[in-house]
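Participant: have a look at this prediction, sequence included:
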Amino acid sequence: MAKETLEINPAGIKLSKNSVIPLYMQVYEQFREMILSKRLRPGERLPASRNLAKELGVSRVIISQGYEQLMMEGYLIGKTGSGTFVADILPDHLLNAVKIDTSKKKSFINDHLKINDENISLHGGNKIEIIPFQMGTPSLDFFPYKVWHAIANKVLKEFKKFNLGYDDSLGYWNLRKAIASYLRVSRAVKCEAEQVIVVTGSQQGLNLIAACLLQKGDKVWMEDPGYFGATGSFENAGVQLCPVQIENDGLNINYAMKNFADAKLAYITPSHQFPLGCTLSQNKRLQLLAWAQQNKMWILEDDYDSEFRYEGNPLASLQGLDDDARVIYSGTFSKVLFPGLRLAYIVLPSVEMVDLFKKVKENLDRQSPIMEQLILCRFMEDGHFLRHVRKMRLLYAERQNILIKLLNEHLSEHFKLSIAPSGMHLLCWLSNKIDTEKFKREIKKQKVIVSFINEFSLQHSLPPAIALGFTPFSKYKLKTGVEKLVQCVHNSLV
């Protein structure tokens, strides 16, 4: 079976119908740049012209013409019945692509990368029944169980003696390659497989980063409100949390620079801020990177649900703008596939950091489970991962619209919706006619799960608001959940 290493619109592909450059030439130029910059590698498959045309809202002929021009010049090759691929051997004059110079990064890394075994900590968790409106849970009813089982059977049949021993603590090599390939194209992350570390869940990734980069007493910029898992990891590491409020365009960087100028790390969710849902603006991204470079500060980019964007093109990562080895990139398969998989990943800014992270990772758990890594690797290599992402993106967009319609129909007088074009939950600001404490008690009586935004705050309080997850729930469950919310509101009015 041919590997489908690219079946979605790559981050950054944009076509302008107002440009003097023909659309097919815009396709040609942007894919050519991806090949020369090695975001697309020899042998990797391009998206089917039909799928890409649909993603970009143009005629399939336009995409085909762009591909044909790239084939004529030797960038691409077509394989009958398989698709279009980056040429294995590029023309001689194309082989001088500029490589990233990491020499200037080494002194910063060597001076500021620390290992502190005392900072290592582990988290446990409890199994929670999935009921409306629990956040951060994927749709398990649409998971491709038959495909996953078939791959698992194949992996078991091919299981060798060397798989029974210890594997690389950084993760199964082919899986790291598959993750790097996916991130380069879909998120514009600048990385090689050597920079990818497979971890046992995103929480372990946070603990690992804290153990390697921070010492007790170090200051860390924290989004406020923000992700409680990151707060817990950094508190366990003994660092000083520095709450920074969120504006309409993301983190208030000017406030952070003024009040916490000596911070060692900034934790941020720039593509879809958790839980408010805003996106960090381009100006703030550049401002943050410049500050980090000048002040030798690390940036931890948590890209927890970037796959699920329902309008426009995928957003490029903050890491893709980083030229000075400041950004550590973090992602997870729990939101995309299923939480029980317990696999996530971090991408280090350069390979010079790998050995130090490896030592701490070996102390944490030696390695992530090999069977799950082998199955996931095959799932990605055979194209099932990207097909699943595309399918879930359409499903979640539909479920988001269903919830929006239900809330507007039944609770528009009391809920003001804040709708982001991405993510796995909706934000609802409560009217002043609702007694918040009564509402909380009613929520418990009705046995629904509602996340109050101020529960995610460290210091800066906000007007009463709730977050409602929608991704794992059918139309019927969303409807019954909203009916319970209506009852809760009715019993909480002042």
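Facilitator: Yes, it's here. Numbers count the residues shown, from 1 in each chain.

Participant: any low-confidence regions in the protein?
Facilitator: Within the chain, the stretches with pLDDT under 70 are 1-12, 20, 91-129, 161-163, 165, 314.

Participant: okay, now the domains of it?
Facilitator: Using automatic domain parsing, the domain parsing of the chain gives 23-94, 106-132+144-383, 387-490.

Participant: what about the shortest one, distance to the chain center?
Facilitator: What it means is domain 23-94. Offset of domain 23-94 from its chain centre (Cα atoms, centre = their mean, to the nearest Å): 25 Å.

Participant: still on that earlier bit, so which of the domains of the chain is the most packed in?
Facilitator: Greatest average neighbour count among those goes to domain 106-132+144-383 (a mean of 19), per mean count of other Cβ atoms under 10 Å. Quick note: C-beta positions are derived from backbone N, CA and C, even for glycine.

Participant: out of the domains of the chain, the one nearest residue 15 is which?
Facilitator: Across the domains of the chain, residue 15 has its closest neighbour in domain 23-94 (5.2 Å, Cβ to Cβ).

Participant: returning to that earlier point: as TSV, the domains of the chain with distance to residue 16 would be great.
Facilitator: Formatted as TSV, the domains of the chain follow (distance: least, Cβ to Cβ, whole Å):
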stretch	distance to residue 16
domain 23-94	7
domain 106-132+144-383	12
domain 387-490	20
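
Participant: show me what contacts the residue lying closest to residue 41 once chain neighbours are set aside?
Facilitator: Nearest non-adjacent residue to residue 41, counting by Cβ to Cβ, 6 or more residues apart in numbering: residue 86, 6.4 Å away. When contacts are counted by Cβ atoms under 8 Å, 6 or more residues apart in numbering, residue 86 is found next to 35, 40-44, 46, 75-77.

Participant: with those in mind, which one is nearest to residue 207?
Facilitator: Nearest to residue 207, judged by Cβ to Cβ, of the contacts of residue 86 is residue 41 at 31.9 Å.

Participant: which residues does that closest one contact?
Facilitator: Counted by Cβ under 8 Å, 6+ apart, residue 41 has contacts 86, 181, 184.

Participant: what do you get for residue 480?
Facilitator: Counting by Cβ under 8 Å, 6+ apart, the residues that residue 480 touches are residue 132.

Participant: okay, and it sits in which element?
Facilitator: Applying DSSP states H and E as the criterion places residue 480 in helix 475-490.

Participant: how about residue 346?
Facilitator: Using DSSP H and E, residue 346 sits in strand 344-347.

Participant: show residues contacting that strand.
Facilitator: Applying Cβ under 8 Å, 6+ apart, the contact partners of strand 344-347 are 171, 176, 179-180, 183, 189, 191, 195-202, 204-205, 208-209, 319, 328-334.

Participant: any idea which helix is longest in this structure?
Facilitator: Counting residues, the longest helix in the chain under DSSP state H turns out to be helix 384-411.

Participant: what about that helix, distance to the chain center?
Facilitator: The answer for helix 384-411 is 18 Å, by Cα atoms, centre = their mean.

Participant: and if you look at stretch 273-290?
Facilitator: 14 Å.

Participant: same deal with stretch 353-365?
Facilitator: Taking Cα atoms, centre = their mean, one finds stretch 353-365 lying 23 Å from the centre of the chain it belongs to.

Participant: which stretches in the stretch 51-200 of the chain count as strands?
Facilitator: Under the criterion DSSP state E, counting those that start in this stretch, the stretch 51-200 of the chain contains strands at 76-79, 83-86, 196-199.

Participant: quick check: which of those is nearest to residue 167?
Facilitator: For residue 167, the closest of the strands of the stretch 51-200 of the chain is strand 196-199, at 9.9 Å, according to Cβ to Cβ.

Participant: send me that closest one as CSV with only the CA atoms.
Facilitator: As requested, the backbone C-alpha atoms of strand 196-199 are provided in CSV (Å, rounded to 0.1, in the frame of the first residue of the first chain):
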residue,chain,number,x,y,z
VAL,A,196,11.2,14.4,18.3
ILE,A,197,10.7,12.7,21.6
VAL,A,198,7.7,10.3,22.1
VAL,A,199,6.3,10.6,25.6
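
Participant: which strands or helices does the helix or strand that it is followed by pack on?
Facilitator: Remark: after strand 196-199, the chain's next helix or strand is helix 202-213, criterion DSSP H and E. On a contact count with 3 or more Cβ pairs under 8 Å, 6 or more residues apart in numbering; DSSP states H and E, helix 202-213 meets strand 196-199, helix 228-236, strand 298-302, strand 327-332, strand 344-347, helix 354-364.

Participant: now those as a markdown table including distance to residue 404?
Facilitator: Compiled in a markdown table, the helices and strands packed on helix 202-213 are given as follows (distance: least, Cβ to Cβ, whole Å):
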| stretch | distance to residue 404 |
| --- | --- |
| strand 196-199 | 35 |
| helix 228-236 | 26 |
| strand 298-302 | 26 |
| strand 327-332 | 26 |
| strand 344-347 | 30 |
| helix 354-364 | 41 |
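
Participant: of those, which is nearest residue 409?
Facilitator: Closest approach to residue 409 among these is made by helix 228-236 (31.9 Å; Cβ to Cβ).

Participant: quick check: can you name the pairing partners of the following helix or strand past the closest one and their directions?
Facilitator: Beyond helix 228-236 in the direction of the C-terminus, DSSP H and E gives the next helix or strand as strand 240-247. Partners of strand 240-247 in the sheet, by DSSP bridges, are strand 219-224 (parallel), strand 250-251 (antiparallel).

Participant: between those strands, which one is nearest to residue 296?
Facilitator: Of those, nearest to residue 296 by Cβ to Cβ is strand 219-224, at 13.0 Å.

Participant: quick one, that closest one and helix 228-236 angle?
Facilitator: Relative orientation of strand 219-224 versus helix 228-236 (axes from the mean of the first three to the mean of the last three Cα atoms, to 10 degrees): 160 degrees.

Participant: ok and strand 219-224 relative to helix 202-213, angle-wise?
Facilitator: Angle of strand 219-224 versus helix 202-213, following the same axes, to 10 degrees, is 150 degrees.

Participant: and strand 219-224, how far out from the chain's middle?
Facilitator: Remark: strand 219-224 is offset 19 Å from the chain centroid, using Cα atoms, centre = their mean.

Participant: using CSV, list the CA coordinates for that strand.
Facilitator: Extracted C-alpha coordinates of strand 219-224, given in CSV (Å, rounded to 0.1, in the frame of the first residue of the first chain):
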residue,chain,number,x,y,z
LYS,A,219,9.9,32.1,37.0
VAL,A,220,7.5,30.9,34.3
TRP,A,221,4.9,33.0,32.4
MET,A,222,1.6,31.3,32.6
GLU,A,223,-1.5,32.1,30.6
ASP,A,224,-4.3,33.2,33.0
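
Participant: can you tell me what sits against it?
Facilitator: Contacts with strand 219-224, where a contact means Cβ under 8 Å, 6+ apart, come from 214, 230-231, 234, 239-246, 251, 256, 260, 262-269, 273-274, 457-460.

Participant: quick one: the helices in the stretch 1-150 of the chain?
Facilitator: Applying DSSP state H, counting those that start in this stretch to the stretch 1-150 of the chain gives helices spanning 23-36, 49-56, 60-72, 103-112, 145-157.

Participant: I'd like those as JSON lines, with distance to residue 434 appended.
Facilitator: Formatted as JSON lines, these follow (distance: least, Cβ to Cβ, whole Å):
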{"stretch": "helix 23-36", "distance to residue 434": "49"}
{"stretch": "helix 49-56", "distance to residue 434": "41"}
{"stretch": "helix 60-72", "distance to residue 434": "50"}
{"stretch": "helix 103-112", "distance to residue 434": "48"}
{"stretch": "helix 145-157", "distance to residue 434": "41"}
